[in-house]
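Engineer: Predicted model and sequence below, questions to follow.
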Amino acid sequence: MIPDEIIEQVRDSADLVSIIGDTVELKRTGADYRGPCPFHGGQHRNFAVIPKKGRYYCFVCKESGDVFSWYMKRLGMDYPGAVREVARKLGIAIPEGGGRQGPDPREPLYQAVSVAHDWFARQLREAPEAEEARRYLQRRGLDLETVEPLELGYAPRGPAFGHAMTQLGLDEATLLEAGLLARREDGTVVPRFRARLLFPIHDLRGRVVGFGGRLLGPGEPKYLNSPETPIFRKGGTLYNLHAAKNAIRKEESVILVEGYFDVHRLVLAGAENVVAPLGTALTPDQAALLRRYAPTAILLLDSDMAGLKATFRAGDELLRHELRVRVATMPPGEDPDTLVQKGGLSALQAILRDAVDILERKIQILERKGWFADIEHRREALDRLLPTIRATRDPIQRELYLGLVADRTGVSKAVLEHEAAAPEPPRVPEPPARLPESAAPRGAPPRVAGSRAEQQVLRLMIASEEWRARAAEVVKPEWFEHPAVRQLFELLGSNREPGAAAPPTDLPEPIGGLWQRLAGVELPLDFNGQANLFAGATRRLEARPHLRRYRQLTEWIRDAGPAERPELVAEKNRMARELQTRFPEEFRTYGYQLGRRGGRRSLPNP
Ligand SMILES: [Zn+2]
């Protein structure tokens with residue numbers, strides 16, 4: 001048995017590009033590396049190594065995997081052998097004989113959390129102050145006897161926890177490190193959990209490593225979890241997995257719900273293969289963890305907007321880890337907790353039975369919105385469906401999905417396949433609430449120019465409220481590509497002051513710089529001249545994404561094999577006709593440029 005942490009460390013440290021590059025001739029393409037596929041013996045560079053993800057993938061034979069599967073498949077090693085081989089190359093020591101040398105230095109932390117857990121559980125059973133918590137559980141239809149095996153606890157309001165722990169021989173430093181005490185800004189130390197109902201969080205070996213705390217009175221946050229500690233890694237832990245893992249293996253599926261109460265309600269009703277993430281979106285590590293236990297996940301989340309968003313995000317993450325994903329849809333206004341409370345296990349079973357594949361569920365929703373009815377929306381619908389296809393790593397599943405979407409949207413499978421093979425757009429991380437001092441950008445602020453057409457529209461909008469109103473009406477914000485430029489457009493669009501717009505104050509620096517550049521854009525003096533400028537600029541902005549797509553098709557055709565070429569060419573011709581009708585001038589300019597640059601694929605930025 002090689003410890004999980006070591007396996008992860010080895011996987012993360014391995015340089016997949018150089019390992020595969022030993023036997024395959026790889027060339028850099030953007031963020032990835034491409035070469036001929038050694039699995040199906042391809043001649044073209046259809047085999048991609050994606051260092052950011054630590055995975056390889058063949059677009060033709062669909063062979064994929066990580067550094068370990070590379071060794072297993074190429075050199076016939078078994079899994080532990082592959083791990084050892086990579087570890088040896090990296091110089092990472094693997095403890096032999098399965099045992100650790102000496103005691104685990106984290107033992108005091110496990111000890112502290114365990115002692116605290118016992119104490120919290122006794123509070124819930126006995127303390128007068130916990131009456132509030134007991135009544136809360138009763139209101140949710142959970143009496144104490146039922147709750148007993150769940151080992152819930154109660155954290156009292158005052159400092160009693162700290163005193164009790166000191167009496168039990170635990171020192172402050174350990175309690176702080178275990179996340180049970182917290183140090184305030186003024187230096188005082190307080191219990192982390194106060195006036196909360198506590199749900200113990202276990203690791204896979206069933207040891208309590210942290211808590212989720214539900215606030216019982218008014219206040220924020222409603223749920224508070226233990227912080228990350230040496231024994232509690234939130235992203236790699238799932239609530240109830242320690243208890244559910246055998247049932248998950250047996251059922252060959254895992255039910256994913258949102259909250260701790262949902263888990264317990266389902267477990268009490270008799271469904272044992274239930275887990276929940278820890279109050280955040282499902283992480284890649286959590287998805288990988290689930291894949292170790294089951295090939296299928298059923299998502300049982302709320303069916304409101306937020307719930308759907310969470311559903312599809314979690315679904316994509318699970319697809320990336322080669323799970324099949326189905327979505328169980330709850331009646332509006334219900335959550336798993338209320339559903340089982342009212343209808344028992346049979347109500348739950350009916351809903352699980354009706355669970356549909358995640359992509360089909362997406363299509364259902366888009367269909368209900370009428371998005372397949374016209375061309376413009378169909379494009380948008382496609383944009384919603386593509387990420388799911390892209391996320392799908394299982395080759396057969398992916399093939400089925402491509403067929404399904406081709407069927408539904410009327411876009412040929414070859415085109416879809418190419419779009420889906422395009423790299424995922426980089427996921428923009430959410431900005432931190434407050435930028436730490438050290439992370440503040442240094443040196444010159446980023447230059448935000450906007451294209452010429454973007455500048456012309458903005459310049460007109462600055463000039464008078466008529467153009468601001470007109471632009472707000474006909475120009476779509478997404479035509480502006482840089483977020484700062486789009487922000488300025490939206491700001492001007494909502495400005496109803498008469499006359500020229502005043503320069504914006506207290507805006508992020510890039511906009512200030514852009515404003516100065518705009519002053520240099522010349523405007524015709526008469527209305528007709530301005531109207532022409534406006535019409536031309538907006539048409540170019542609208543045409544731009546379509547022209548890009550056309551250019552992309554051209555590139556694909558150049559790289560395509562003989563089997564897929566005809567379909568791509570047909571799509572290109574169809575597109576050419578459409579562009580010729582909708583944007584004749586822009587399309588002509590584009591064609592001219594293509595010719596003049598000898599077929600170079602540079603699209604003028606309008
Ligand atoms: Zn291949």
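Structural biologist: Looks like it came in fine.

Engineer: Apart from its chain neighbours, what residue comes closest to residue 530?
Structural biologist: Leaving aside its chain neighbours, residue 530 sits nearest to residue 524 (5.4 Å; criterion: Cβ to Cβ, 6 or more residues apart in numbering). C-betas here are computed from N, CA, C, even on glycine.

Engineer: ditto for residue 538
Structural biologist: residue 475 (5.7 Å).

Engineer: which residues sit in contact with the residue of the chain positioned farthest from its centre?
Structural biologist: Ranked by distance from the centre of the chain (Cα atoms, centre = their mean), the top residue is residue 526, with 50.0 Å. Not one residue lies near residue 526 by Cβ atoms under 8 Å, 6 or more residues apart in numbering.

Engineer: give me the element the most centrally placed residue in the chain is part of.
Structural biologist: Central residue of the chain (Cα atoms, centre = their mean): residue 313, 5.4 Å from the mean position. Here residue 313 is covered by helix 305-320, with elements defined by DSSP states H and E.

Engineer: follow-up on the earlier one: okay but the residue nearest to residue 538 is in contact with residue 539, surely?
Structural biologist: No - the pair residue 475 / residue 539 is not scored as a contact, 10.7 Å apart, by Cβ atoms under 8 Å.

Engineer: Could you pick out the residues of this protein near the ion for me?
Structural biologist: Residues of the chain lying near the ion by Cβ under 5 Å from the ion: 37, 39, 40, 58, 60, 61.

Engineer: I figured residue 13 was touching residue 90, is that so?
Structural biologist: Yes - in this structure, residue 13 is within contact of residue 90 by Cβ under 8 Å, at 5.2 Å.

Engineer: just to revisit the earlier point, what number of residues lie near the residue nearest to residue 530?
Structural biologist: By other Cβ atoms under 10 Å, 12 other residues sit near residue 524.

Engineer: Equivalent analysis for residue 205, please.
Structural biologist: Neighbours of residue 205 under the rule other Cβ under 10 Å: 8.

Engineer: quick check, it in a strand?
Structural biologist: No - counting by DSSP: H, G, I helix; E, B strand; the rest coil, residue 205 is not part of a strand but coil.

Engineer: Can you name the residues that contact the residue lying closest to it once chain neighbours are set aside?
Structural biologist: Among residues not flanking residue 205 along the chain, residue 242 sits closest, at 7.1 Å (Cβ to Cβ, 6+ apart). Counting by Cβ under 8 Å, 6+ apart, residue 242 touches 202, 203, 204, 205, 206.

Engineer: For the ion, state which of the residues you listed is nearest.
Structural biologist: Closest approach to the ion among these (Cβ to the ion): residue 204, at 35.1 Å.

Engineer: Right, and the ion sits closest to which residue of the stretch 151-300 of the chain?
Structural biologist: Closest residue of the stretch 151-300 of the chain to the ion, Cβ to the ion: residue 291 (22.5 Å).

Engineer: thought that residue was touching residue 321?
Structural biologist: Yes - at 4.6 Å, residue 291 counts as touching residue 321 under the criterion of Cβ under 8 Å.

Engineer: picking that back up, any idea how far the residue of the stretch 151-300 of the chain closest to the ion lies from residue 163?
Structural biologist: From residue 291 across to residue 163, the span is 45 Å (Cβ to Cβ, to the nearest Å).

Engineer: quick one, which of the two is more surrounded?
Structural biologist: Legend: neighbour count by other Cβ under 10 Å for residue 291 and residue 163, higher for residue 291 (16 against 11).

Engineer: Before I go, just wanted to say thanks for your time.
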